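Student: could you look at this predicted model? Sequence included:
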Amino acid sequence: MLIVHAKNYPSNAANFGHLNNLDYSVCVEQRPNYCGITYTTTSNVSFAMTGMDGIGNMFGIASCQSDYIHIPQGITPNVVNGKPHDRFCGTALGNYAIGPIVSLSKPFNVQVIADEDEISTTEDVENSGFELLYQLLPCSASESFQGRISS
């Protein structure tokens, strides 16, 4: 497993959050015979993109508008009737349930979006960014997700 993290992570969230005005992507090299990717947090406090402590996982366009990561067609495994989403925010990673995000969409990338308001009295002041482990999924393992990941 390898790590991808927000610029400036870990920030001292008590004094300032992650950097503001961000719009960049982190790309993961595709390898032959690998058809998917899994992203997991490195700890229970390594994801904070919009929201105060304890808010939990948030996902989708309606919930994640100011600061979020974009993982194309991301879904948390083992969620019954879960539909994929692209935007993830809050203080925990997950789609319908807290947990890892799997994507079969290529190219493999995480887009990072942050607005201009990271050091005020808004809920964004406590956001430290994120640190995620990623692991490529062999095509044989990815097949179990094929029917569940569709828009």
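Tutor: Looks like it arrived, so ask away.

Student: can you pull out the strands in this protein?
Tutor: 2-5, 22-28, 34-41, 47-48, 57-59, 68-74, 85-90, 94-95, 97-98, 101-103, 108-114, 129-138 (DSSP state E).

Student: helices or strands up against the fifth one?
Tutor: Yep, that's strand 57-59 we're talking about. In this structure, strand 57-59 packs against strand 85-90, strand 94-95, with contacts taken as 3 or more CB pairs under 8 Å, 6 or more residues apart in numbering; DSSP states H and E. Every C-beta, even on glycine, is put in place using the N, C-alpha and C of the backbone.

Student: now the third one
Tutor: Of the remaining helices and strands, those touching strand 34-41 by 3+ CB pairs under 8 Å, 6+ apart are strand 101-103, strand 129-138, helix 139-142.

Student: next one: the longest one
Tutor: Of the remaining helices and strands, those touching strand 129-138 by 3+ CB pairs under 8 Å, 6+ apart are strand 2-5, strand 34-41, strand 47-48, strand 108-114.

Student: before we move on, the earlier item: mind putting the helices and strands packed on strand 57-59 in CSV, mean neighbour count included?
Tutor: What follows is the helices and strands packed on strand 57-59, written out as CSV (neighbours: other CB atoms under 10 Å):
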stretch, mean neighbour count
strand 85-90, 24
strand 94-95, 24
